[in-house]
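Undergrad: could you work out the structure for the sequence below:
(2 chains)
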Amino acid sequence: MLLRHTPKEINERRALTINPAKTCQPIGAMYAALGVHGCLPHSHGSQGCCAYHRSALTRHYKEPISAGTSSFTEGASVFGGQANLLQAIDNMFTVYEPEVVAVHTTCLSETIGDDLPQIIDKAGKDGKIPAGKHVIYANTPSYVGSHVTGFSNMVKGMARMAESGGHKNGKVNVIPGWVEPADMEEIKRLAGLIGVGIILFPDTSGILNGPLSGEFKMFPEGGVTIEQLKSAGDSIGTLALGEWCSADAARYLDTNNKVPCRVLDIPIGLKATDRFVDALRIIAGVSVPEEVTHERGQLVDMISDMHQYFYHKTVALAGDPDQLIALTEFLVSIDMWPIHIVSGTPGKAFVGRIKELTADLPCQVNVKSDRNADMFLLHQWIKQQPVDLLIGNSYLKYISRDEDIPLVRWGFPILDRVGHQYFPTVGYKGGLRLLEKILTAILDRKDRDDTEQAFELVM
Amino acid sequence: MPAKNSKLARPTPARLKEEILKKYPPKVARKRAKQILINEALENDTPEITANVRTIPGIITMRGCTYAGCKGVIMGPTRDIVNITHGPIGCGFYSWLTRRNQTDASAPDAHNYMTYCFSTDMQDKDIIFGGEKKLEQAIQEAYDLFHPKGIAIFATCPVGLIGDDIHAVAAKMKRKLGDCNVFAFSCEGYKGVSQSAGHHIANNQVFRHLVGQNDEPKPGEYKISLLGEYNIGGDGFEIDRILKKCGITNIATFSGNSSYDQFASAHTADLNAVMCHRSINYVADMLEIKFGIPWVKVNFIGAEATSKSLRKIAQYFGERKLIDRVEEVIAEELPPVKAVAEEVRPRTEGKTAMLFVGGSRAHHYQELFKELGMQTISAGYEFAHRDDYEGRHVLPNLQVDADSRNIEEIEVHPDESRHNPRKSEAEMTELTEAGLKFKEYDGMIPDMNPGAMVIDDLNQYEAEKMVEMLKPDIFCAGIKEKFSIQKLGIPMKQLHSYDSGGPYAGFRGAVNFYHEIDRLVNSRVWGYMKAPWQENPELSATYVWE
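TA: You can find the predicted model right below:
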């Protein structure tokens, strides 16, 4: 047993987090920044932060992740990191020639109180930011929130670029949340089909699911451009997909640029996608094209075809709030029972939403968020009440093996499989993919466990 | 397919260096110039390189931090100590199972905490009011849940800044718990200039709090400890297999597949064999001074190097039985390895490699490439010091700068009751005269070809330039470098975590490596970079139908 020391009995822990269902803010800021065209993320802290984030993102996306670091030493930690950041900005624009540098802080630079806007302002005045180039920033103290908070903070940093020129641009801002590059591509495709011009930010499609062609482009074609971000202040409105990842930036645009916003769930599953499509249609005043309705019908068809295998199967989930809310709704909508749910990301509304979505299930649902909601607790819940399926990141494979429960890898990070960067799980098409994965996991297990008499060709 | 001769198109090393430096701002160029060395024959000396100095802010380095070196590298592979990261959640999360050190916890009562991530998950109120109380509580909770033999505490950046006294907390909890050894590491990420500082901080505490705790003699003959072997991909298992076959007893590995008890008994070994010179040579020195155990440098990467290392160990013990047994084992193990090398070699001969990794691997792995007939045209370390490049003779002249001064050097004296020179002075002299070199390591540079480029702390921009201009057949570094290199159409092999492969140490490991390199440099995928219409863009007049 790989998690042999996890007891079934639950004793409350006040200080010790074990097997977290979250990580720290800066990695979220780094991922978000990669969704800006020509952007080099920069970690203002020790080298290790940057190395860890680059490694984790590389292992998940299987793509080059370039990012700079202020390489703090003991001296910088005592006297402040201004000199390091100024030198870093100068070096990055000289050596790597990005369009944008996106600086985020770390627990180190936050604890010593480095003032990013002041240092960036000084970099500008000292001529270290070449004409036409930009430095955006986000404060991402690791001891507040989680990687999701860091993502949200950097997206808000992007929103700060928005300008209001007085003329509406006829576009809708869409903030997709921390989803895969393929999901971002799918959101653009859906909006395109419906005929709505959108500004998607961040947009990592084309950057973190790029081709292999014998050329290394440090700054590939994709990503939201600074021009687009500027123009976001003149959009008709903003659709924020996910309260935790995207709402702050949307509300910022509302307050500062008078761009109204609406917070929707990430369009994962039938109902959340319906709401997203419906919102786009109403905003743009168009009818939904037959092609989209056709895709929706295909998803309904698959739910109906496979319903016998999904029906009343119990599931345990670990991940991030926006994703888990949408996923829980999807699972309930196909008559599965998500009964153990943890997210290490704080936010009281999460538990409320999950309870609401699972209110009519005839079984007890364990749900917890914040720092005490870790995979150790999830495992203990599972030991008390076993489930048929696990959905979450690669770390769940240890519970999966010990408890002999199939696992669908979904979320961040996935360190031991590929495909997630290429195949969306948002939208109707993404729903098909998710259902296929769930069904395969359940039926592979059935095939493994069935007796010879019960083993069947046709299922 | 004959191996290509890419030498013809290669620019001279001097031009290459110039080309690399010209993009940098002047200050950066001056600094990097000292860390980029062309291996030239000097009269009596190895050329001098600058190493173990700060990375320049904004330069995309391969390096990590002190915490990574301490918690991740040195203490990571120890299975039965509960490692609690004191800090915000990230550091603990990223060092959770990401290094591929394998462990054998199959014994029925074995503890294994490597699959767990323990953290105090500090919040803003802990940063403001201090985290000592929370740390105490976390230690108590870990103890109540697991009753481990040891609990180790690792400091992250903010801990040092807010002044939490983790050593005092550890001492207090050790007294309170009674049957659990609690100790702490001040391995804040900002200390030192790379992981190397973290190795040192870790090893000091292992030496102080674990080594020498158990004087009970362990059974077995020819007792050694293996220092600086981390069991990535099962390397340590293969080395242990070979040692066992030779009748050599491995008392403790620092720290692959290690356990609390191994460290506690490490001082009962009669020889220390040092694999990774960088991360642990000072522990070998301390063990010699305090307990009288001599050390030799070994290398189990490469079949020939493995044989050589086994012979060294046998020569040290000097008993005919062992010497003969080692020869028998080599005679049995080596021919099948050579047969695989012979089979693979026509497809690898004459190809070129670049290695930028670690503090020893970029040297050790050149052996394996040599066995495949491949030439290492450029190499460098991520976090090594000058002695790893130029040899230990430079040690007395190493400059101690502000960054290295911050890293504690333990002053060690002979242990009053337990210091026991394993060999008399006369015996040591005799062995030395017979060619066995103690405390000696000549470093990477003397083993490299003239004209080879040796680059310390290589960064992403330099890597790309080197690959573009020298077009190696394979590039070796870590996960962060993997895909930017492969986008260029050059296969990249991770030599920190071995991608998903291994073991590569010892005899069986060599076979694995030969096959892996064969696979990588000859994969069909590198021929698919261009679509047919990109290779022949002109449209012919008509399509030829059947």
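
Undergrad: report the closest residue of chain A relative to chain B.
TA: Nearest residue of chain A to chain B, counting by Cβ to the nearest Cβ: A:G48, 2.5 Å away. Using the backbone N, CA and C atoms, a C-beta is placed for each residue, glycine as well.

Undergrad: so where does that residue fall, helix or strand?
TA: Using DSSP states H and E, A:G48 sits within helix A:47-61.

Undergrad: helix or strand right after that helix?
TA: strand A:68-69.

Undergrad: look up phi and psi at A:T111.
TA: phi -60, psi -40 (degrees, to the nearest 10).

Undergrad: how much space is there between it and B:A197?
TA: Using Cβ to Cβ, to the nearest Å, we find A:T111 at a distance of 20 Å from B:A197.

Undergrad: more crowded one of these two?
TA: B:A197 (28 against 24; other Cβ atoms under 10 Å in any protein chain shown).

Undergrad: just checking, what packs against the strand or helix carrying that one?
TA: In the assignment (DSSP H and E), B:A197 maps to helix B:195-209. On a contact count with 3 or more Cβ pairs under 8 Å, 6 or more residues apart in numbering or on different chains; DSSP states H and E, helix B:195-209 meets helix B:66-67, strand B:181-185, strand B:249-255, helix B:277-291.

Undergrad: now with 6 Å?
TA: strand B:181-185, helix B:277-291 (3 or more Cβ pairs under 6 Å, 6 or more residues apart in numbering or on different chains; DSSP states H and E).

Undergrad: next structured bit after the last one?
TA: The reference is to helix B:277-291. Taking DSSP H and E, what comes next after helix B:277-291 is strand B:295-297.

Undergrad: residues making contact with that next one?
TA: The contact list for strand B:295-297 (Cβ atoms under 6 Å, 6 or more residues apart in numbering or on different chains) reads B:N272, B:V274, B:A284, B:K312, B:F438, B:Y441.

Undergrad: try stretch B:278-285
TA: B:H199, B:N203, B:L227, B:G228, B:F254, B:N272, B:V274, B:W295, B:G359, B:S360, B:A384, B:D388.

Undergrad: of the residues you listed, which is the nearest to B:G192?
TA: B:H199 (9.4 Å; Cβ to Cβ).

Undergrad: what's around that closest one, how many residues?
TA: Around B:H199 there are 28 residues (other Cβ under 10 Å).

Undergrad: how near is it to B:G72?
TA: Counting by Cβ to Cβ, the gap from B:H199 to B:G72 is 10 Å.

Undergrad: low-confidence stretches in chain B?
TA: Residue ranges of chain B with pLDDT under 70: B:1-9, B:43-44.

Undergrad: how about the strands in it?
TA: Remark: strands assigned in chain B by DSSP state E are B:36-38, B:81-86, B:118-119, B:150-155, B:181-185, B:223-229, B:249-255, B:271-274, B:295-297, B:352-356, B:375-380, B:453-455, B:474-477, B:492-494.

Undergrad: which secondary element of chain A has the worst mean pLDDT?
TA: Taking mean pLDDT, DSSP states H and E as the measure, chain A has helix A:74-79 as its least confident helix or strand, at a mean of 91.

Undergrad: which element is encountered next along the chain beyond it?
TA: helix A:82-95.

Undergrad: just to revisit the earlier point, dump the contacts of stretch B:278-285 to CSV, plus distance to A:G427.
TA: Shown next, in CSV, are the contacts of stretch B:278-285 (distance: Cβ to Cβ, whole Å):
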residue, distance to A:G427
B:H199, 48
B:N203, 53
B:L227, 55
B:G228, 51
B:F254, 52
B:N272, 60
B:V274, 57
B:W295, 62
B:G359, 48
B:S360, 50
B:A384, 50
B:D388, 53
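
Undergrad: and the furthest pair within these?
TA: Top of the distance list for the contacts of stretch B:278-285 (Cβ to Cβ): B:N272 and B:A384, 19.8 Å.

Undergrad: what about the longest helix in chain B?
TA: Criterion DSSP state H: the longest helix present in chain B is helix B:320-348.

Undergrad: which elements pack onto it?
TA: helix B:235-246, helix B:303-317, helix B:506-522.
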